[in-house]
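1. prediction below, plus the sequence it came from.
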Amino acid sequence: MNGRTYRLKLLTGLSAIGLALTMVGPSYAQSAPTLGTWLAGPDAVGSSTIIGRIEAPRANARVNAGSSLLVSGWALDTTASSGSGIDGVEVWSGAKDKGGTRLASGSVGLARTDISDAFGASAANSGFSAVLPGSLLQSLTAGPTGLYVYLHTPSKGTWYKSETVAVVAAPVLAFPNDPIVYIAKPQDGTAITQKQITNKFTFVGVALDRNPITDPNSQSPGAPCNACNGAGGNIGTSARGAGIASVTAYIDSPPAKGDNTPFLFFGAPCTNSSCLETQATVNNAGAFNRFPRPQASIISREWGSQFDYSGWAFAIDPATLTPGWHTLFVTAVSSITGKSNTAQVTFNILDFGHQRIQP
């Protein structure tokens with residue numbers, strides 16, 4: 001494509017996208033993107049030849065400090081010989097050459113078929129995005145804050161746009177050290193026989209964060225794991241409303257700091273991305289939550305009826321453990337505080353010489 005043809009296609013695309021944006025309606029109408037709106041960064045070379053937009057967050061959007069924030073949009077260097085011509089993106093609080101703070105590096109080259117429809121194949125991967133962690137947003141002063149999005153090009157250096165957002169101070173949490181994780185069964189010192197009627201022994205407990213969920217858009221009760229009922233054990237959890245992002249269990253090997261390994265079947269990891277059920281596995285029947293029968297956790301009612309769905313449970317064949325003392329570690333991670341806490345109990349496995357089933 002020669003320069004004249006490209007410019008003609010670009011102008012046609014700008015007109016088309018401008019018309020499309022205007023037809024959305026008066027409250028969302030936007031003018032077509034124009035050259036010169038991306039400004040020269042500290043190492044910029046030549047004139048601005050980038051078009052594009054910051055689509056999220058919107059101007060003057062309210063941003064909750066402590067919650068992650070997605071910054072996204074699209075950009076295209078009109079002089080690039082191929083592709084979008086953008087090879088990097090960073091988000092700063094304040095200008096980088098005026099004492100600003102870098103908040104995150106992001107991804108470029110994201111698919112944008114809507115933009116390629118207007119500007120051709122070179123714009124097919126013109127999207128960019130970056131996630132600003134809540135831990136960094138908490139450090140910003142509440143009130144109007146300028147977010148600067150810096151795009152890097154291989155030949156023309158760095159160019160930026162800024163967007164002003166309203167940072168809302170993070171709420172003071174009543175329970176900053178939550179979550180609570182409690183092992184109800186077995187109790188410390190329990191003897192468990194390898195001989196069981198169903199060849200399984202079920203461990204049960206609760207996990208919850210007493211703080212209310214502060215941002216439902218970014219905090220969830222957990223990801224699904226409907227395929228985790230395999231050989232060697234299974235787990236069911238119902239953290240709905242309990243503010244728990246994950247529950248993991250280990251036997252004889254405590255989790256390392258920062259360990260995000262899914263639920264372990266004694267060395268064989270769960271094949272799914274996360275071993276949590278989104279479907280409630282307890283109800284108000286007033287008994288322990290024992291997977292896979294949906295029953296309530298009467299223990300969690302101590303912290304309020306909103307935590308009726310905070311039970312967890314998993315089952316093993318005790319014969320897979322050697323006779324003697326073992327330790328169960330259960331770690332819960334809060335989707336509110338981001339912290340993790342671990343509970344543990346010791347139990348004694350009795351061999352098949354003990355014919356009386358315990359417990």
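-> Alright, I've got the coordinates.

2. low-scoring stretches of the protein, by residue?
-> Applying pLDDT under 70 to the chain flags the ranges 1-32, 213-241, 245-246, 254-297, 306, 309.

3. could you list the domains of it?
-> Domains of the chain are assigned by automatic domain parsing as 3-19+32-168, 180-350.

4. which among these is found nearest to residue 356?
-> Taking C-beta to C-beta, domain 180-350 is the member of those nearest to residue 356, at 7.1 Å. (Glycine included, C-beta is placed from N, CA and C.)

5. and residue 121, backbone torsions?
-> As for residue 121, its main-chain torsions (degrees, to the nearest 10) stand at phi -60, psi -30.

6. picking that back up, could you dump the domains of the chain into CSV with mean neighbour count added?
-> Shown next, in CSV, are the domains of the chain (neighbours: other C-beta atoms under 10 Å):
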stretch, mean neighbour count
domain 3-19+32-168, 17
domain 180-350, 19
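
7. ok, residue 76 - contacts?
-> Contact analysis of residue 76 by C-beta atoms under 8 Å, 6 or more residues apart in numbering lists 50, 51, 52, 84, 85, 86, 115, 119, 122, 123, 126.

8. what lies in contact with the strand or helix carrying residue 328?
-> Assigned by DSSP states H and E, residue 328 belongs to strand 324-334. For strand 324-334, the external contacting residues (C-beta under 8 Å, 6+ apart) are 178-181, 183, 186, 203, 205, 207-209, 211, 243-255, 259, 312, 339-349.

9. hmm, 7 Å instead?
-> For strand 324-334, the external contacting residues (C-beta atoms under 7 Å, 6 or more residues apart in numbering) are 178-179, 181, 183, 203, 205, 207, 209, 243-252, 254-255, 340-349.

10. before we move on, what about stretch 177-186?
-> Counting by C-beta under 7 Å, 6+ apart, 192, 203-211, 244, 288, 299, 328, 330-332, 334, 337, 339, 341-343, 345, 347, 359 sit against stretch 177-186.

11. gap between the two ends of that stretch?
-> With C-alpha to C-alpha, to the nearest Å as the measure, stretch 177-186 spans 25 Å from end to end.

12. then stretch 343-357 to CSV, C-alphas only?
-> Below are the C-alpha coordinates for stretch 343-357, written out as CSV (Å, rounded to 0.1, in the frame of the first residue of the first chain):
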residue,chain,number,x,y,z
ALA,A,343,-5.1,-23.2,60.0
GLN,A,344,-3.7,-26.6,60.9
VAL,A,345,-4.5,-29.7,62.9
THR,A,346,-2.6,-33.0,63.6
PHE,A,347,-4.3,-36.4,63.3
ASN,A,348,-3.3,-40.0,63.7
ILE,A,349,-3.9,-42.6,60.9
LEU,A,350,-4.5,-46.1,62.3
ASP,A,351,-3.8,-49.1,60.1
PHE,A,352,-6.2,-51.8,58.9
GLY,A,353,-5.5,-53.8,62.1
HIS,A,354,-8.0,-51.4,63.7
GLN,A,355,-11.4,-52.8,62.6
ARG,A,356,-13.5,-50.3,64.5
ILE,A,357,-14.0,-47.4,62.3
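
13. mind checking how far residue 154 is from residue 81?
-> Distance of residue 154 to residue 81, given as C-beta to C-beta, to the nearest Å: 10 Å.

14. need phi/psi at residue 115.
-> Taking degrees, to the nearest 10 as the convention, residue 115 sits at phi -80, psi -40.

15. can you pull the contacts of it?
-> Taking C-beta under 7 Å, 6+ apart, one finds 74, 123, 126 in contact with residue 115.

16. quick check: closest non-adjacent residue to the last one.
-> The spatially closest residue to residue 126, leaving aside those adjacent along the chain, is residue 84, at 4.1 Å (C-beta to C-beta, 6 or more residues apart in numbering).

17. just checking, that neighbour touches residue 128?
-> No - the criterion here is C-beta atoms under 7 Å, and residue 84 misses it with residue 128 at 8.8 Å.

18. what do the two both touch?
-> residue 75.

19. if we can go back for a sec, which of the domains of the chain sits closest to residue 174?
-> domain 180-350 (6.2 Å).

20. could you tell me the end-to-end distance of that closest one?
-> Terminal-residue distance, domain 180-350 (C-alpha to C-alpha): 30 Å.

21. what about residue 345, distance to residue 328?
-> Going from residue 345 to residue 328 by C-beta to C-beta gives 5 Å.

22. check residue 81 too.
-> Taken as C-beta to C-beta, the span from residue 81 to residue 328 is 60 Å.

23. direction included, what does the host helix or strand of residue 247 pair up with?
-> In this structure, residue 247 sits in strand 244-251 according to DSSP H and E. Strand 244-251 has its sheet partners listed here by DSSP bridges as strand 324-334 (antiparallel).

24. which is the next helix or strand following the strand it pairs with?
-> Heading C-terminal from strand 324-334 (DSSP H and E), you reach strand 340-350.

25. ok, and what's touching the strand or helix carrying residue 104?
-> Using DSSP H and E, residue 104 sits within strand 101-105. Residues from elsewhere that reach strand 101-105 (C-beta under 7 Å, 6+ apart): 90, 91, 92, 93, 94, 96, 130, 131, 132, 136.
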